[in-house]
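Visitor: Pasting the sequence and the predicted model now:
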Amino acid sequence: MDDPSVPNDMAVVSPTVNLAEIRAGSYYDSVVLMLLQRALSDLPGVLDAGVVMGTPANKALLAQSALLTDDLEDAAPEDLILVVKADSEAAGRSALAHVDELLAARRSHQSDGYRPKSLSSAKRMVPEAEWVLISVPGRYAADAAREALKLGKNVFLYSDNVSLADEISLKETAAGKGLLVMGPDCGTARVDGMGLGFANRVRTGRIGIVAASGTGLQTVMVGIHLLGCGVSQAYGTGGRDLSAEVQARSAKDALAKLKDDAETDAIVIVSKPPEASVAEDLLRDAASCGKPVIINFIGYRSTQGQEGVAPNICFAETLDGTAETAVRQTTSTDSQSSSEEGPLTSQATEPPCQLMPCPQQGTYLRGLYSGGTLAYEALFLLRDCLPSVRSNGPLPGGLHLDNPHRSDGHTIVDLGGDAFTEGRLHPMLDNELRIRRLLQEARDPETGLIVLDVVLGDGAHEDPASELGPAVAEAIASAAREGRTLPIVAVVIGTDADPQGLDRQVEQLKGAGAYVFTRHDDAVRAVTNAFAGEGADRPHRSSRQAPDVPKTAEPAENLPTFAAINVGLESFSDSLRSQGAEVVHVDWRPPAGGDERLASLLTRLR
Amino acid sequence: MANSIDSANAEAVERIIEARPVLTGLGKALDLIPGMHENLLLHAGPPIGWDKASGPLRGALIGALIFEGRARDEEEAERLIVSGEVGLAPCHHHSAVGPMAGVISPSMAVYEVENRTHGNRAFSNLNEGYGKVLRYGAYSEEVQERLRWMHEVMAPVLGAAIESCSGVDIRALLAEALHMGDEGHNRNKAGSILYTKLLAPHIAKAAPDPATAADVIEALGDNALSVLNPVMAACKAMADAGSEIEQSTIVTTMARNGTEFGIRVSGLGGRWFTSPCPQPVGLYFPGFTAEDGNPDIGDSTITETAGIGAFAMAAAPAIVTFVSGTPQDALNATLEMYEITAAEHNSFTIPQLDFRGTPVGIDLRAVVETGITPRVNTGIAHKEAGVGQIGAGLVRPPLALFTEALVTFAEEYGF
């Protein structure tokens, strides 16, 4: 409480007041809520604001930010919670009185065209659409996906918190109709040159990808692009697909599609370590697919040894390494490239090295990831150097972080984990939670080094470094005020073609004082070195340059227009539209306004 | 197998669509309307008594009793009704519908519409035109005089003309009017002209003298709502064809009495579900504001029930100004109604939507599921008796009506 750096005149604690409002049964897109929360925070006299659906996870987060008042404890998941912390009651009241106006302002920006309220109306508007993107709250997602399959559409299921039983039944239904279900919890995919969900803009090429991991897929796609090659199709499967229960249903279907795809020369499979029997099964399919297959199961080792599985299969250790191997596999058979066998990375001159200070004795690593697989890969790459890292998504046998909101020793948090995202936006879209956490870590004298990822691409925040940069600078400064040096490592996953601009993001973060990397394995190596006491004497590459592979022209004009239906996050529609796709956005509302009794009655009457 | 509700709904909607209402004649309510008697007044909307009746409805009831010669003034009229000497019943209980207050008294002239497909009949009164009129609760001598002319001069000529042209196919007339910018509820300009044109030669022959013929033709032609009442009776005949189908969740009645909004559902027989009537949102004539408006009133919601009116808004972009909208809003209004309806009409099509059939057959389940309530285009009555129409706009019945009906339906059928 007694912060010596606070000047005396500010030390007089002015009373703050929390004012809250619950709106029963109102549903809003979480992006709308985020924008509303921002707008409220910007109003005069407002110190902080929370606008979230009343899920238990969100209430825990509000409590974390000292925004939870007693009367909010009763809010139900379908209730909208509005809470402001203001410097006076009047300011708080005035802010809450602005809510409707702020919501209405947004509504008037929307286009005049009809927004269908149901999938079947949307189908009528774009009968040619083959894909439905679903990002509604988890408890409604399975029903929406079932309806999409019924209408004969493939499903990109972004929503998480979908039950295992629903996942299996959806995938079985899809298989029976020759359709694919990507997800649940599928963050990214690339279909016919179009990025779905969180997707980076990469070149079209001849490498096909199947991934049970969103950021894993993004990192590999970006890696391939930065090495001058491109991607044919990239299918996500959702994180649970390679479990014993789901039996890799989606992965096997996706692999079969790539096997038959004439545009695909090599296939990459990325996943966290699968269930052993499922892995063997998938490897059998891979062995017989007749194309080179590069596998990254993040630390998984086949019982038959890495090399002995089949002549067309090889294993890669890191995500960036996976991209390299895939590029090598295609370019060696690809007439368009004349590059010789050799290191594909950073042939260009090393940029001037930044010297990173070592963390102080007795301090710890704090990893604040938005990408779950990047967090996982960090744990894997750090396993020998820092053996006791706690995480909310640990390696098998690793240490579990009991309270995900509080770091403990060396800690790597996946801020995209369920505990943080139920009823709330993903940290790739909304930097707020990570900024709070970053400043919280910076105030902790036990924090010695912070690493964070910044994932670019469609669907992600439009300019993350513009918000994370100042937070990084503030974190460094707040540690400095207490006489501590706090190195912050940032890894930016993105391409020059991404809407945020790779260079612009890197520069902003560098300007804020972060040590910036564009390869995750490089970033983790720098962290390892820093904790090993080698921080100052090892230069590292701070960015990666593509080798001189001529960029193949995008055959975009010959492609038929990609059409899709989007249910849920409006940003997914926006990003598809900006890629030139035809999208119909469904103005979705929970059935019966979220009244569960009526909804179940309706199910019986259907 | 589709469930029993789906097939019941398909049957109900098919009957509504297949119904072919033809205007066959004109006569006295006492002679034509089933169950009508000397001591009965019919009114719009669900059942209501004098105590709860709003200003416009009371005014119309008073005016009707004065017209009948049963009362000389308000007090006498009120006493007749309160004492029970003269009973009140919804038009809907007697195969009839009436716009706004919808009051029909025994000696009033009514249109008779016959559904040539299923044989059922429906009735509606004559349209008085604009200004101070009984249906908005006006009952002054000026109103009475107009009513007397309509009944003594116009009705016999009109009745003979209808007979002489051997019926007016209202479904065909509506289909044509929708292609001419009408939606059949608030906008009946084209339909009324078609109606006038169709009857004019027969009126000329049936009238006792050219001056009377001219007066009748002028009265029909000047009134852009002259066809509204036959259209409403036609819609009633269609909706009734789809009512009382076991297991059907299709809404077959929507009506307001100025105090309550009521709906009935095909599979729930004659049971009304009611709730306080909302105020329409819309445009007021100069000098009036929402303060002056009465809660929504009238049986004219039968048009939306049968798949026209606000449901066909896309066909009538000219009247979106009532809700300060754009032509795109008119399209959106119709597109939204497809979300809660079971079918698309065969006969009523919308050029602006590539001749897609109008949304027809409101499914209770879809309303509750989506939270989208039916749109209704409506006129706005002054809350005091006798002032008349003060605006027009849009209203939606409360969602609670549909929820209550759905819960009752589920209990009734054991779901």
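Guide: The structure has been received and is ready for your questions.
Visitor: Give me the pLDDT value at A:L569.
Guide: Looking at A:L569, its pLDDT reads 88.
Visitor: where's it relative to A:G593, distance?
Guide: 20 Å (Cβ to Cβ, to the nearest Å). C-beta coordinates here come from the backbone N, C-alpha and C atoms, glycine included.
Visitor: Which one's more surrounded, those two?
Guide: A:L569 (25 against 19; other Cβ atoms under 10 Å in any protein chain shown).
Visitor: which residue packs closest to that one, ignoring adjacent ones?
Guide: Using Cβ to Cβ, 6 or more residues apart in numbering or on different chains and skipping the chain neighbours, the partner closest in space to A:L569 is A:S135 (4.3 Å).
Visitor: residue closest to the middle of the chain?
Guide: Picking chain A for this. A:G371 (4.8 Å; Cα atoms, centre = their mean).
Visitor: wrong one, I was asking about chain B
Guide: Mean-position check on chain B, Cα atoms, centre = their mean. Result B:S300 at 2.4 Å.
Visitor: Read off the pLDDT value for it.
Guide: Reported pLDDT for B:S300: 97.
Visitor: do you know how far it is from B:A306?
Guide: 11 Å.
Visitor: helix or strand for the residue nearest to the centre of chain B, which one?
Guide: Using DSSP states H and E, B:S300 sits within no helix or strand.
Visitor: The one 4 residues further on now?
Guide: The secondary structure element spanning B:E304 is helix B:302-305 (assigned by DSSP H and E).
Visitor: That helix: what's the following helix or strand?
Guide: According to DSSP H and E, the helix or strand after helix B:302-305 is helix B:327-338.
Visitor: List the buried residues for that following helix?
Guide: Within helix B:327-338, the residues that count as buried by 16 or more other Cβ atoms under 10 Å in any protein chain shown are B:D329, B:A330, B:L331, B:N332, B:A333, B:T334, B:L335, B:E336, B:M337, B:Y338.
Visitor: what helices or strands is the very next helix or strand once past that helix leaning on?
Guide: The helix or strand immediately downstream of helix B:327-338 is strand B:341-350, counting by DSSP H and E. With contacts defined as 3 or more Cβ pairs under 8 Å, 6 or more residues apart in numbering or on different chains; DSSP states H and E, strand B:341-350 has these neighbours: helix B:4-18, helix B:170-178, strand B:356-362.
Visitor: Could you tell me which strands sit next to the helix or strand that the longest one is followed by in the sheet, and their orientation?
Guide: Translated: helix B:4-18. For helix B:4-18, the succeeding helix or strand toward the C-terminus, using DSSP H and E, is strand B:21-28. Strand B:21-28 pairs in its sheet with strand B:109-115 (antiparallel), strand B:168-169 (antiparallel), by DSSP bridges.
Visitor: what residues are up against A:V31?
Guide: A:L425, A:L429, A:L569, A:E570, A:S571 (Cβ atoms under 8 Å, 6 or more residues apart in numbering or on different chains).
Visitor: Let's have these in CSV, adding secondary structure.
Guide: Formatted as CSV, these follow (DSSP: H, G, I helix; E, B strand; the rest coil):
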residue, secondary structure
A:L425, coil
A:L429, coil
A:L569, coil
A:E570, helix
A:S571, helix
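Visitor: Would you list the phi and psi of the closest residue to A:E130 other than its chain neighbours?
Guide: Once flanking residues are discounted, A:E130 sits nearest to A:N154: 5.7 Å by Cβ to Cβ, 6+ apart. The phi and psi values for A:N154, taken as degrees, to the nearest 10, are phi -70, psi 150.
Visitor: A:K177 now?
Guide: phi -110, psi 10.
Visitor: Residues of chain A that sit close to chain B?
Guide: Residues of chain A lying close to chain B (Cβ under 8 Å from any Cβ of the partner chain) are A:112-114, A:116-118, A:121, A:589, A:591-593, A:598-599, A:601-602, A:604-606.
Visitor: Those, buried ones only, as a PyMOL selection?
Guide: Buried residues within these, by 16+ other Cβ under 10 Å, are selected in PyMOL with:
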select buried, chain A and resi 114+116+117+118+121+589+591+592+593+598+599+601+602+605
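Visitor: Now, the residues of chain A next to chain B that are in helices?
Guide: A:S121, A:L598, A:A599, A:L601, A:L602, A:R604, A:L605 (DSSP state H).
Visitor: surely the fifth one meets B:E369?
Guide: Yes: A:L602 sits in contact with B:E369 when judged by Cβ atoms under 8 Å, with a separation of 5.3 Å.
Visitor: related to what we said a few turns ago, tell me which residues touch the residue nearest to A:E130, please.
Guide: Counting by Cβ under 8 Å, 6+ apart, A:N154 touches A:E130, A:W131, A:V132, A:A174, A:L179, A:L180, A:V181, A:M182.
Visitor: Tell me if the fifth one really is in a helix.
Guide: Yep, that's A:L179 we're talking about. No: using three-state DSSP, the assignment for A:L179 is coil, not a helix.
Visitor: Return the residues in contact with whichever residue of the stretch 1-150 of chain B sits closest to chain A.
Guide: Distances between the stretch 1-150 of chain B and chain A by Cβ to the nearest Cβ are smallest at B:I5, namely 6.0 Å. Contact analysis of B:I5 by Cβ under 8 Å, 6+ apart lists A:L605, B:Q247, B:S248, B:T249, B:G267, B:R365.
Visitor: can you do 10 Å?
Guide: Each residue near B:I5 by Cβ atoms under 10 Å, 6 or more residues apart in numbering or on different chains is listed here: A:604-606, B:247-250, B:267, B:363-365, B:409, B:413, B:415.
Visitor: now swap in A:S120 and tell me
Guide: So A:S120 contacts A:E147, A:K150, A:L151, A:V586, B:Y338, B:E339 (Cβ under 10 Å, 6+ apart).
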